[in-house]
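Trainee: Attaching a predicted model along with its sequence, questions to come.
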Amino acid sequence: MKIVDMRIHSIAIADPPLRSSYGLHAPYALRTILELQSEDGIVGISETYGGQAPAQALRELRPKIIGADSYRLTGSLSPLVDGQGAGSERSQTYLVPGENPLDATTRTYAAIEVGCLDLIGKSV
């Protein structure tokens, strides 16, 4: 199922402050919502942690995603993250205020993958 459109929305949602060893985080959480539309008009939706960084990464990948086949996840998505260590640099510092650059590739890949899986699930 060919992807013909991709929309990205950055949002901030209320998130009660949580005190941890890193300190107190902001009273909101940044999320990026991804919508992938198929040639059949079906829209797959996903979200990922973070605001500006994942949204920018998704915008940069847009030309590679448009026209990709949502059923060929490995074939379509692997070249997008090859050599970037997707998942290999996972860190536990995500509670530190701000966005963790070590998780950016993993979060970007996950947003695309979940959007494709939502498309597939809605098509059957």
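Mentor: Ah, there it is. Numbers count the residues shown, from 1 in each chain.

Trainee: Which elements pack onto the host helix or strand of Ile11?
Mentor: In this assignment (DSSP states H and E), Ile11 forms part of strand 3-14. In this structure, strand 3-14 makes packing contacts with strand 28-38, helix 52-65, judged by 3 or more C-beta pairs under 8 Å, 6 or more residues apart in numbering; DSSP states H and E. To be clear about C-beta, it is placed using only N, CA and C from the backbone, and glycine gets the same treatment.

Trainee: and Ile120, how many residues sit next to it?
Mentor: 16 (other C-beta atoms under 10 Å).

Trainee: okay, and the helix or strand of this structure with the least pLDDT?
Mentor: Ranked by mean pLDDT, DSSP states H and E, the weakest helix or strand in the chain is helix 73-81, scoring a mean of 64.

Trainee: Tell me which helix or strand comes right after it.
Mentor: helix 104-123.

Trainee: Nearest to Leu119, out of the helices and strands packed on strand 3-14?
Mentor: strand 28-38 (5.4 Å; C-beta to C-beta).
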